[in-house]
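In: one predicted model, sequence on top.
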Amino acid sequence: MRRNLAARIGVWSAHHRKTAILGWLLFVVLAAGIGGASGMVEMTDAENGAGDSARAEQILSDAGLSHRAGELVMVSSAEPDGWRTAARELAAAVRDTGEVTGLADPVASKDRKDALITFEMKGDPDTAADRVQPVLDAVAGVKERQPDVTVSQFGDASAGKWLGDLLSDDFKKAEFTAVPLALGILLVAFGAVVAALLPVGLALTACMAAFGLLSLASHQLHLFQTTYSVMFLMGFAVGVDYCLFYLRRERDERAAGRDAETALRIAAATSGRAVLVSGLTVMVAMAGMFLSGLMLFKGFALATITVVCIAMLGSVTVLPALLSWLGDRIDAGRVPLLNRRSKRGDKQSGRIAGRVLRPVLNRPKFFAAASVVVLLVLAVPAIGMKTESLGLDKQFGSDSALSVAYRDISETFPGGPAPAQVVVEADDINAPAVRKALAGFDHVTVHRARNVAEFEVPLPGGEKDLTALREDRLPAAFDSSGAHAYVTGEVAGSVDFNDQLKRGIAPVFLFITAVTFLLMLFCFRSYVIAVTSILLNLLSVAAAYGVMTAVFQHGWGAGLIGSEGVGAVESWMPLFVLVVLFGLSMDYHVFVVSRIREARGRGLSTRAAIDEGIRRTAGAVTGAAVIMVAVFSVFATLSMQDMQQMGVGLAVAVLLDATLVRMVLLPSVMALLGERNWRTPRGLGRLPSPDHGEPEPAAVATPVGPGVR
């Protein structure tokens, strides 16, 4: 058998297993150690934004006028002015911490039952969350000593601390839940402790190395705070899946009577090749996020490309070396009941797949149409999808203390927690025309040395008031003055971010569809398979969009996962899910179609090849899908709304992709197309036929090491 690249790598690793294993461990230790020592650099507000809001943040940053971390504390009483004693005590307690500045006198509400106290944290706003605890303790002390009033606090520092603590707890929860869950699934699948530990161990070491490299890279490309969570989600799921595909094929070949070296070589040539193609497709798809024009997605792209690349390389290099070293010891630690089940697993999966395939292949038109209808019905809610950058009040759920405080302050003092901040830049901020324009606004701060002015404007009407401010009030005031006014703040940032996403999604979509088409075309030399791959992916993505919209925008069934409808989908989620699913769906697609192509290459008819390819991959695809769905579902149980949306969207899409799409829609469509599946464009006909690793009918080889028997 002519060896492809994956087979050559696998054979080299098996013959040089000490070099491969020690080299991998050294790489992981160095990457994790150096990256951990360097630390991660997070992006600034200006880097994370777009449009006018990002420009405003950049002007302030360039002028050295970074925002102080502002805090709002509302004191409420049952009777008018009943808050005064508590407000005086609270102001004194906060001042005594020595951490605040700009403490303003209380502002009473219209009915005088509430008062709003504002102040700012001293020092660098980026570290304010680390220094806010004394202030929180001071406010909490007043709450305890003044039981007749209600005290609500919301601000940059307090919310930042809440968010930081929550992310840390959530990441630990995800890590300590996903790993045992995946290990349990693999234990059931293989029935042996060593075989179950191997994919988990390789996936975790790949994530460790990727964390280190990403920390180093963050000094050049600053990252969003949830990037590590996204990397772990992707890296662990993909790493386990790649190892599972490889290990499954090696065990299948051993069960078929192959000797150890031949089984390993066939696994490398077939599953190893599928891993390389799948990994490359995922990485190229992720690269499309660089075209979004947003640093958030550039960071996500860098993180996912890094971890997928490392997981892919580990699967085709150190995994063959470990399998060669372990030999039959891969079955060490057998669990009696589970081991018997695992031995029957592939045959049983094949029988179940066969029973599903029989009617599908007998009536392909009906099942193809029915599958498409189901996916389109699931996608219907996506027609009315609304996206926005979810504020902290929506991220944590309506019952959280932070959300309650935000809502109470907003209702009593409209526009208070999320005002627009206007930044004015001029060649001469003291020019008469500029001074006249600024005079029309309240509480203006002028930085004469930097020719910059700033002021806040409440936005009780949200986006409607923002539009009026940007399109009417500011142009009327500043257009003739020679100054430029830019609006930033929570509402403005969300609007600008969404606008950039709308502009960026088209080039990203065109890029990933074009590259996926070319990769599938080159891999299988069939434009029919390439087009089919894209169409199936789009159906999976559309269905995922529909489910996300139904659950998180409309709230249908959100309570089942401890979440709630918030009226919108997180603005970065549709683009992220599109790119990730386009990449991840290739895991199953390449693996299954490669096996079908392999059977077709041995002379089977297309229908027989479909039947054999899907039956023989059913066990591996089912196991891989269960692990991915389980890992993604863990993220659906976390505290933050965007993590929940990501977990549900990806879990639903993978579940549909591995069941309805791969078991029903793919075989029915391929059966309908028949021999047209393998049509090769004339331009590719002169290229060497791609080697899908067809196993030899008889293969006997000498062992590759003492660990192989």
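Out: Alright, I've got the coordinates. Since this is a predicted model, take the numbers as computed values, not measurements. Numbers count the residues shown, from 1 in each chain.
In: centroid-wise, who is the farthest residue in this protein?
Out: Taking C-alpha atoms, centre = their mean, the residue of the chain most remote from its mean C-alpha position is Pro432, at 50.7 Å.
In: how close does that residue get to Thr177?
Out: 64 Å (C-beta to C-beta, to the nearest Å). Placement of C-beta: from N, CA and C, glycine included.
In: can you check Asp111 too?
Out: Per C-beta to C-beta, Asp111 is found 48 Å from Thr177.
In: more neighbours: which of those two?
Out: A count of neighbours by other C-beta atoms under 10 Å puts Thr177 above the other of Asp111 and Thr177, at 17 against 8.
In: buried set for the helix or strand containing the more buried one?
Out: If you go by DSSP states H and E, Thr177 is part of helix 156-190. By neighbour count, with 16 or more other C-beta atoms under 10 Å as the criterion, the buried positions of helix 156-190 are 156-163, 166-167, 170-171, 174-175, 177-179, 181-183, 185-190.
In: all the strands of this protein, residue numbers only.
Out: 70-76, 100-101, 107-108, 114-121, 150-155, 387-388, 420-425, 445-447, 452-457, 484-488, 569-570 (DSSP state E).
In: could you export these as TSV, including distance to Ala274?
Out: Shown next, in TSV, are the strands of the chain (distance: least, C-beta to C-beta, whole Å):
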stretch	distance to Ala274
strand 70-76	53
strand 100-101	59
strand 107-108	65
strand 114-121	53
strand 150-155	51
strand 387-388	35
strand 420-425	52
strand 445-447	60
strand 452-457	56
strand 484-488	48
strand 569-570	33
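In: between these, which gets the lowest average pLDDT?
Out: Here the lowest mean pLDDT among these goes to strand 387-388, at a mean of 84.
In: which strands or helices does that one pack on?
Out: Judged by 3 or more C-beta pairs under 8 Å, 6 or more residues apart in numbering; DSSP states H and E, the packing partners of strand 387-388 are helix 490-524, strand 569-570.
In: hmm, back to that, tell me what angle the helix holding Thr177 forms with strand 114-121.
Out: 80 degrees (axes from the mean of the first three to the mean of the last three C-alpha atoms, to 10 degrees).
In: could you give the angle of helix 156-190 to strand 150-155?
Out: 80 degrees.
In: low pLDDT regions in the chain?
Out: 1-3, 337-350, 415-418, 683-709 (pLDDT under 70).
In: point to the residue nearest the middle of it.
Out: Val230 (4.2 Å).
In: what's the separation between that one and Ser389?
Out: Taken as C-beta to C-beta, the span from Val230 to Ser389 is 17 Å.
In: what do you get for Ala433?
Out: For Ala433, the distance to Ser389 - C-beta to C-beta - is 35 Å.
In: same question, Thr304
Out: For Thr304, the distance to Ser389 (C-beta to C-beta) stands at 21 Å.
In: who's more crowded, these two?
Out: Thr304 (28 against 21).
In: so how far is Ala54 from Pro507?
Out: For Pro507, the distance to Ala54 (C-beta to C-beta) stands at 19 Å.
In: ok, now Val654?
Out: 34 Å.
In: so the two - more neighbours on which side?
Out: The neighbour count for Val654 versus Ala54, taken as other C-beta under 10 Å, is higher for Val654 (29 against 24).
In: Val621 against Ser585, yeah?
Out: No: Val621 is beyond contact range of Ser585, at 11.6 Å (criterion: C-beta atoms under 8 Å).
In: so where do the helices sit in the stretch 301-450 of the chain?
Out: Assigned by DSSP state H, counting those that start in this stretch, the stretch 301-450 of the chain shows helices spanning 318-326, 336-362, 364-379, 392-395, 401-412, 432-438.
In: tell me how far stretch 177-184 is from the chain's mean position?
Out: Chain-centre distance of stretch 177-184: 19 Å, with C-alpha atoms, centre = their mean, to the nearest Å.
In: that older thread, so can I have JSON lines of the helices and strands packed on strand 387-388 showing distance to Val664?
Out: Below are these laid out as JSON lines (distance: least, C-beta to C-beta, whole Å):
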{"stretch": "helix 490-524", "distance to Val664": "20"}
{"stretch": "strand 569-570", "distance to Val664": "28"}
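In: please identify the most buried of those.
Out: Mean neighbours per residue, mean count of other C-beta atoms under 10 Å, is largest over these for strand 569-570, with a mean of 24.
In: can you give the distance of it from its chain's centre?
Out: Per C-alpha atoms, centre = their mean, the centroid offset for strand 569-570 relative to its chain is 13 Å.
In: go on, stretch 172-185?
Out: On C-alpha atoms, centre = their mean, the centre of stretch 172-185 falls 17 Å from that of its chain.
In: got the CA coordinates for that stretch in PDB?
Out: Taking C-alpha atoms only, stretch 172-185 is exported to PDB below (Å, rounded to 0.1, in the frame of the first residue of the first chain):
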ATOM      1  CA  LYS A 172     -13.200  25.300  37.200                       C
ATOM      2  CA  LYS A 173     -16.700  23.800  37.000                       C
ATOM      3  CA  ALA A 174     -16.300  23.100  33.300                       C
ATOM      4  CA  GLU A 175     -12.900  21.600  33.700                       C
ATOM      5  CA  PHE A 176     -13.800  19.400  36.600                       C
ATOM      6  CA  THR A 177     -17.100  18.300  35.100                       C
ATOM      7  CA  ALA A 178     -16.100  17.800  31.400                       C
ATOM      8  CA  VAL A 179     -13.000  15.700  32.100                       C
ATOM      9  CA  PRO A 180     -14.700  13.100  34.300                       C
ATOM     10  CA  LEU A 181     -17.700  13.000  32.000                       C
ATOM     11  CA  ALA A 182     -15.600  12.300  29.000                       C
ATOM     12  CA  LEU A 183     -13.600   9.700  30.900                       C
ATOM     13  CA  GLY A 184     -16.700   7.900  31.900                       C
ATOM     14  CA  ILE A 185     -18.000   7.900  28.300                       C
END
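In: list the contacts for Ala369?
Out: Listed by C-beta atoms under 8 Å, 6 or more residues apart in numbering, Ala369 has no contact partners.
In: mind doing that once more with 10 Å?
Out: 363, 665, 668 (C-beta atoms under 10 Å, 6 or more residues apart in numbering).
In: ok, Gly462 - how many residues close by?
Out: Gly462, neighbours per other C-beta under 10 Å, totals 16.
In: can you give me the first-to-last residue distance of stretch 649-663?
Out: 20 Å (C-alpha to C-alpha, to the nearest Å).
In: wouldn't Ala189 be in contact with Ala625 here?
Out: No: counting by C-beta atoms under 10 Å, Ala189 stays clear of Ala625, with 11.6 Å between them.
In: just the helices in the stretch 501-650 of the chain please.
Out: Under DSSP H, counting those that start in this stretch, the stretch 501-650 of the chain gives helices at 527-548, 573-601, 606-636, 641-656.
In: could I get those helices as JSON lines with distance to Asn48?
Out: Below are these laid out as JSON lines (distance: least, C-beta to C-beta, whole Å):
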{"stretch": "helix 527-548", "distance to Asn48": "22"}
{"stretch": "helix 573-601", "distance to Asn48": "15"}
{"stretch": "helix 606-636", "distance to Asn48": "21"}
{"stretch": "helix 641-656", "distance to Asn48": "14"}
